[in-house]
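K.L.:
Next come a sequence and a model predicted from it.
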Amino acid sequence: MIYLKAISKKYGEVTAVKRVDLAIPPGCIYGIIGRSGAGKSSLLRVMSLLETPDTGEVYYSGQRVDTLRGRELLERRRKMGMIFQNFNLLSSRNVSGNIAYPLEIAGQQRKLIDKRVDELLEMVDIADKRKARLRELSGGQKQRVAIARALAANPEVLFCDEATSSLDPQTTRSILALIRDLQQRLKITVVLITHQMEVIREICHEVAVMDAGLIAETGSVALIFDSPKTAAAKEMFHA
(Lines give C-alpha, C1' and ligand atoms only; values in the text may rest on other atoms or scores of the structure.)
Protein backbone atom coordinates (compact mmCIF):
# COMPACT_ATOMS: atom_id res chain seq x y z
CA MET A 1 0.00 0.00 0.00
CA ILE A 2 1.06 3.59 -0.67
CA TYR A 3 0.13 5.83 2.23
CA LEU A 4 0.46 9.60 2.30
CA LYS A 5 0.17 11.34 5.67
CA ALA A 6 -0.45 15.09 5.91
CA ILE A 7 1.45 15.87 2.71
CA SER A 8 1.97 19.55 1.84
CA LYS A 9 4.01 21.00 -1.03
CA LYS A 10 4.61 24.66 -1.75
CA TYR A 11 6.15 26.40 -4.78
CA GLY A 12 7.03 29.97 -3.98
CA GLU A 13 3.92 31.55 -2.55
CA VAL A 14 1.60 28.87 -3.95
CA THR A 15 0.66 25.86 -1.82
CA ALA A 16 -0.05 23.17 -4.42
CA VAL A 17 -0.83 20.35 -1.97
CA LYS A 18 -2.42 20.98 1.43
CA ARG A 19 -2.06 18.35 4.17
CA VAL A 20 -3.25 15.46 2.03
CA ASP A 21 -3.94 12.04 3.54
CA LEU A 22 -4.35 9.24 0.99
CA ALA A 23 -4.18 5.43 1.02
CA ILE A 24 -3.75 3.54 -2.26
CA PRO A 25 -4.34 -0.23 -2.06
CA PRO A 26 -1.84 -2.56 -3.76
CA GLY A 27 -2.69 -4.20 -7.08
CA CYS A 28 -5.30 -1.71 -8.25
CA ILE A 29 -5.63 1.08 -10.80
CA TYR A 30 -6.09 4.22 -8.74
CA GLY A 31 -7.13 7.46 -10.39
CA ILE A 32 -6.48 10.99 -9.16
CA ILE A 33 -8.62 13.50 -11.01
CA GLY A 34 -8.98 17.25 -10.84
CA ARG A 35 -9.03 20.42 -12.90
CA SER A 36 -5.80 22.08 -14.02
CA GLY A 37 -4.10 23.56 -10.97
CA ALA A 38 -5.82 21.21 -8.53
CA GLY A 39 -2.46 19.87 -7.31
CA LYS A 40 -2.64 16.34 -8.70
CA SER A 41 0.69 16.38 -10.59
CA SER A 42 2.43 17.95 -7.58
CA LEU A 43 1.03 15.18 -5.40
CA LEU A 44 2.23 12.58 -7.89
CA ARG A 45 5.76 13.99 -7.88
CA VAL A 46 5.89 13.71 -4.10
CA MET A 47 4.35 10.23 -4.16
CA SER A 48 6.88 9.03 -6.74
CA LEU A 49 9.79 10.55 -4.76
CA LEU A 50 10.73 12.96 -7.52
CA GLU A 51 10.25 15.72 -4.95
CA THR A 52 10.33 15.90 -1.16
CA PRO A 53 7.22 17.11 0.69
CA ASP A 54 7.51 20.29 2.73
CA THR A 55 5.57 18.54 5.47
CA GLY A 56 4.14 15.07 5.86
CA GLU A 57 5.25 11.49 5.32
CA VAL A 58 5.22 8.96 2.45
CA TYR A 59 5.04 5.21 3.14
CA TYR A 60 5.36 2.16 0.90
CA SER A 61 4.23 -1.11 2.49
CA GLY A 62 4.72 0.37 5.93
CA GLN A 63 8.22 1.77 5.27
CA ARG A 64 8.71 5.52 5.33
CA VAL A 65 10.39 6.51 2.06
CA ASP A 66 10.34 10.33 1.82
CA THR A 67 13.41 10.46 4.09
CA LEU A 68 15.50 8.11 1.91
CA ARG A 69 18.67 9.51 0.40
CA GLY A 70 21.50 8.33 -1.84
CA ARG A 71 21.59 4.67 -2.81
CA GLU A 72 18.48 3.80 -0.79
CA LEU A 73 16.46 6.43 -2.65
CA LEU A 74 17.81 5.22 -6.00
CA GLU A 75 16.86 1.62 -5.20
CA ARG A 76 13.34 2.65 -4.22
CA ARG A 77 12.89 4.70 -7.40
CA ARG A 78 13.91 1.68 -9.47
CA LYS A 79 10.80 -0.04 -8.17
CA MET A 80 8.67 2.64 -9.83
CA GLY A 81 7.87 3.27 -13.48
CA MET A 82 6.64 6.59 -14.87
CA ILE A 83 4.93 7.58 -18.12
CA PHE A 84 4.13 11.14 -19.17
CA GLN A 85 1.91 13.09 -21.53
CA ASN A 86 4.86 14.10 -23.73
CA PHE A 87 6.49 10.62 -23.67
CA ASN A 88 9.94 11.87 -22.44
CA LEU A 89 11.77 9.62 -24.88
CA LEU A 90 15.36 10.11 -26.09
CA SER A 91 15.31 11.32 -29.70
CA SER A 92 18.93 10.21 -30.18
CA ARG A 93 17.96 6.57 -29.62
CA ASN A 94 15.75 4.19 -31.55
CA VAL A 95 12.88 2.23 -30.00
CA SER A 96 14.98 -0.57 -28.51
CA GLY A 97 17.57 1.91 -27.28
CA ASN A 98 14.94 3.86 -25.38
CA ILE A 99 13.57 0.73 -23.72
CA ALA A 100 17.06 -0.48 -22.85
CA TYR A 101 18.16 2.80 -21.29
CA PRO A 102 17.08 2.21 -17.65
CA LEU A 103 18.58 -1.29 -17.74
CA GLU A 104 21.88 0.10 -19.02
CA ILE A 105 21.88 2.68 -16.22
CA ALA A 106 21.32 -0.15 -13.73
CA GLY A 107 24.40 -1.94 -15.11
CA GLN A 108 22.74 -5.06 -16.48
CA GLN A 109 24.55 -7.33 -18.92
CA ARG A 110 23.93 -6.71 -22.62
CA LYS A 111 22.56 -10.20 -23.20
CA LEU A 112 19.98 -9.79 -20.44
CA ILE A 113 19.07 -6.30 -21.65
CA ASP A 114 18.43 -7.51 -25.20
CA LYS A 115 16.26 -10.36 -23.93
CA ARG A 116 14.22 -8.03 -21.73
CA VAL A 117 13.77 -5.50 -24.55
CA ASP A 118 12.42 -8.23 -26.83
CA GLU A 119 9.97 -9.31 -24.11
CA LEU A 120 8.72 -5.77 -23.62
CA LEU A 121 8.34 -5.09 -27.33
CA GLU A 122 6.05 -8.11 -27.55
CA MET A 123 4.22 -7.08 -24.39
CA VAL A 124 3.26 -3.65 -25.78
CA ASP A 125 2.68 -4.99 -29.31
CA ILE A 126 5.36 -3.07 -31.23
CA ALA A 127 7.86 -5.87 -31.92
CA ASP A 128 8.04 -4.75 -35.55
CA LYS A 129 9.30 -1.30 -34.48
CA ARG A 130 12.45 -2.49 -32.71
CA LYS A 131 14.88 -0.48 -34.84
CA ALA A 132 12.54 2.39 -35.73
CA ARG A 133 13.48 6.00 -35.01
CA LEU A 134 11.06 8.03 -32.92
CA ARG A 135 10.20 10.34 -35.84
CA GLU A 136 8.77 7.31 -37.65
CA LEU A 137 6.25 6.54 -34.89
CA SER A 138 2.72 7.74 -34.20
CA GLY A 139 1.81 9.24 -30.84
CA GLY A 140 0.26 5.98 -29.69
CA GLN A 141 3.36 4.01 -30.69
CA LYS A 142 5.59 6.46 -28.81
CA GLN A 143 3.47 5.99 -25.70
CA ARG A 144 3.84 2.22 -26.07
CA VAL A 145 7.61 2.68 -26.14
CA ALA A 146 7.34 4.84 -23.01
CA ILE A 147 5.24 2.19 -21.27
CA ALA A 148 7.75 -0.53 -22.20
CA ARG A 149 10.61 1.59 -20.87
CA ALA A 150 8.71 2.26 -17.63
CA LEU A 151 8.23 -1.49 -17.13
CA ALA A 152 11.80 -2.44 -18.02
CA ALA A 153 13.01 -2.90 -14.44
CA ASN A 154 9.88 -4.77 -13.26
CA PRO A 155 8.48 -1.95 -11.11
CA GLU A 156 5.98 -2.47 -8.32
CA VAL A 157 4.15 0.76 -9.17
CA LEU A 158 3.44 2.44 -12.52
CA PHE A 159 2.70 6.18 -12.37
CA CYS A 160 0.85 7.74 -15.30
CA ASP A 161 0.84 11.55 -15.47
CA GLU A 162 -1.81 12.62 -18.02
CA ALA A 163 -0.51 9.77 -20.20
CA THR A 164 -3.32 9.98 -22.76
CA SER A 165 -4.01 13.72 -22.83
CA SER A 166 -2.20 14.32 -26.13
CA LEU A 167 -3.75 11.32 -27.93
CA ASP A 168 -6.88 11.09 -30.06
CA PRO A 169 -9.90 9.22 -28.60
CA GLN A 170 -9.29 5.94 -30.44
CA THR A 171 -5.62 5.83 -29.51
CA THR A 172 -6.52 6.78 -25.94
CA ARG A 173 -8.81 3.76 -25.70
CA SER A 174 -6.09 1.44 -27.01
CA ILE A 175 -3.50 2.77 -24.54
CA LEU A 176 -5.94 2.48 -21.64
CA ALA A 177 -6.74 -1.08 -22.67
CA LEU A 178 -3.02 -1.85 -22.74
CA ILE A 179 -2.48 -0.37 -19.27
CA ARG A 180 -5.43 -2.35 -17.91
CA ASP A 181 -4.16 -5.60 -19.46
CA LEU A 182 -0.61 -5.04 -18.19
CA GLN A 183 -1.84 -4.27 -14.69
CA GLN A 184 -3.82 -7.51 -14.62
CA ARG A 185 -0.97 -9.54 -16.10
CA LEU A 186 1.82 -8.11 -13.96
CA LYS A 187 -0.23 -7.56 -10.76
CA ILE A 188 1.25 -4.10 -10.27
CA THR A 189 -0.26 -0.96 -8.77
CA VAL A 190 -1.11 1.80 -11.25
CA VAL A 191 -1.59 5.41 -10.12
CA LEU A 192 -3.13 7.48 -12.87
CA ILE A 193 -3.34 11.29 -12.90
CA THR A 194 -5.88 12.83 -15.28
CA HIS A 195 -8.40 15.60 -15.80
CA GLN A 196 -10.49 13.33 -18.07
CA MET A 197 -13.41 11.61 -16.38
CA GLU A 198 -13.64 9.17 -19.32
CA VAL A 199 -10.20 7.82 -18.40
CA ILE A 200 -11.27 7.26 -14.79
CA ARG A 201 -14.47 5.55 -15.85
CA GLU A 202 -12.68 3.35 -18.40
CA ILE A 203 -10.05 1.62 -16.25
CA CYS A 204 -9.83 2.85 -12.65
CA HIS A 205 -11.00 0.85 -9.64
CA GLU A 206 -10.85 3.70 -7.13
CA VAL A 207 -10.52 7.46 -7.45
CA ALA A 208 -9.56 10.54 -5.47
CA VAL A 209 -10.96 13.91 -6.51
CA MET A 210 -8.58 16.84 -5.94
CA ASP A 211 -9.62 20.45 -5.65
CA ALA A 212 -7.41 23.42 -4.76
CA GLY A 213 -4.68 21.22 -3.31
CA LEU A 214 -7.04 19.15 -1.17
CA ILE A 215 -8.56 15.69 -1.52
CA ALA A 216 -12.26 16.46 -1.83
CA GLU A 217 -13.53 12.89 -2.02
CA THR A 218 -12.31 9.30 -2.39
CA GLY A 219 -14.03 5.99 -3.08
CA SER A 220 -14.83 3.41 -5.70
CA VAL A 221 -15.32 4.76 -9.20
CA ALA A 222 -18.84 3.34 -9.40
CA LEU A 223 -19.86 4.93 -6.10
CA ILE A 224 -18.52 8.39 -6.88
CA PHE A 225 -19.95 8.37 -10.39
CA ASP A 226 -23.36 7.38 -9.07
CA SER A 227 -23.44 9.43 -5.86
CA PRO A 228 -20.81 12.17 -5.62
CA LYS A 229 -20.99 13.93 -2.28
CA THR A 230 -18.84 17.03 -2.79
CA ALA A 231 -19.20 19.96 -5.15
CA ALA A 232 -15.82 19.16 -6.74
CA ALA A 233 -16.84 15.56 -7.53
CA LYS A 234 -20.22 16.63 -8.87
CA GLU A 235 -18.51 19.18 -11.11
CA MET A 236 -16.07 16.60 -12.50
CA PHE A 237 -18.51 13.75 -13.07
CA HIS A 238 -21.77 15.53 -13.84
CA ALA A 239 -20.66 18.67 -15.64
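P.N.:
In hand now; what should we look at? From a predicted model like this one, the values you see are computed outputs, not experimental measurements. Numbering: from 1, shown residues only.

K.L.:
pLDDT of stretch 128-143, averaged?
P.N.:
Mean per-residue pLDDT for stretch 128-143: 95.

K.L.:
Check the separation of the first and last residues in that stretch.
P.N.:
15 Å (C-alpha to C-alpha, to the nearest Å).

K.L.:
Contacts for that stretch, please.
P.N.:
Residues from elsewhere that reach stretch 128-143, judged by C-beta atoms under 8 Å, 6 or more residues apart in numbering: 83, 87, 89, 91, 93-96, 98, 117-118, 121, 126, 145, 163-164, 166-168, 171, 174-175. All C-beta atoms are positioned from the backbone trio N, CA, C, and that covers glycine.

K.L.:
Show me these that map onto strands.
P.N.:
Ile83 (DSSP state E).

K.L.:
which of the contacts of stretch 128-143 are buried?
P.N.:
83, 87, 89, 94-96, 98, 117, 121, 126, 145, 163-164, 167, 171, 174-175 (16 or more other C-beta atoms under 10 Å).

K.L.:
Leaving out chain neighbours, which residue sits closest to Arg149?
P.N.:
In space, Arg149 comes closest to Ile99 once its chain neighbours are excluded; the distance is 4.9 Å by C-beta to C-beta, 6 or more residues apart in numbering.

K.L.:
go on, Leu167?
P.N.:
Nearest residue to Leu167, sequence neighbours excluded (C-beta to C-beta, 6+ apart): Gly139, at 5.4 Å.

K.L.:
any idea how far that neighbour is from Arg93?
P.N.:
18 Å (C-beta to C-beta, to the nearest Å).

K.L.:
So what's the residue count around Lys18?
P.N.:
Lys18: 16 surrounding residues under other C-beta atoms under 10 Å.

K.L.:
what's across from the most centrally placed residue in the chain in the sheet?
P.N.:
Nearest residue to the geometric centre of the chain (C-alpha atoms, centre = their mean): Phe159, 1.6 Å. Beta-bridge partners of Phe159, counted by DSSP bridges, are Met82, Val191.

K.L.:
got a list of what it touches?
P.N.:
Counting by C-beta under 8 Å, 6+ apart, Phe159 makes contact with 44, 47-48, 80-83, 190-191, 193.

K.L.:
Give me the pLDDT value at the residue in the chain sticking out farthest from the centre.
P.N.:
Going by C-alpha atoms, centre = their mean, the residue of the chain most distant from its centre is Lys111, 28.7 Å out. Each residue has a pLDDT score; the one for Lys111 is 95.

K.L.:
tell me the SS of it?
P.N.:
helix (DSSP: H, G, I helix; E, B strand; the rest coil).

K.L.:
Which stretches in this structure count as helices?
P.N.:
Under the criterion DSSP state H, the chain contains helices at 40-47, 70-77, 95-105, 110-123, 139-151, 169-186, 197-203, 221-226, 231-237.

K.L.:
what is the mean pLDDT for the first one?
P.N.:
Helix 40-47 comes out with an average pLDDT of 95.

K.L.:
Counting by contacts, list what that helix packs against.
P.N.:
Judged by 3 or more C-beta pairs under 8 Å, 6 or more residues apart in numbering; DSSP states H and E, helix 40-47 is in contact with strand 2-11, strand 14-24, strand 29-33, strand 157-161, strand 189-194.

K.L.:
picking up where we left off before, please identify which of the contacts of Phe159 is nearest to Cys204.
P.N.:
Val190 (8.5 Å; C-beta to C-beta).

K.L.:
okay, and for this protein, where does confidence drop off?
P.N.:
Scanning the chain for pLDDT under 70 picks out 238-239.

K.L.:
One more pass at 80, please.
P.N.:
Residue ranges of the chain with pLDDT under 80: 237-239.

K.L.:
tell me the domain ranges of it?
P.N.:
The chain breaks down into these domains under automatic domain parsing: 2-79+155-237, 90-139+148-153.
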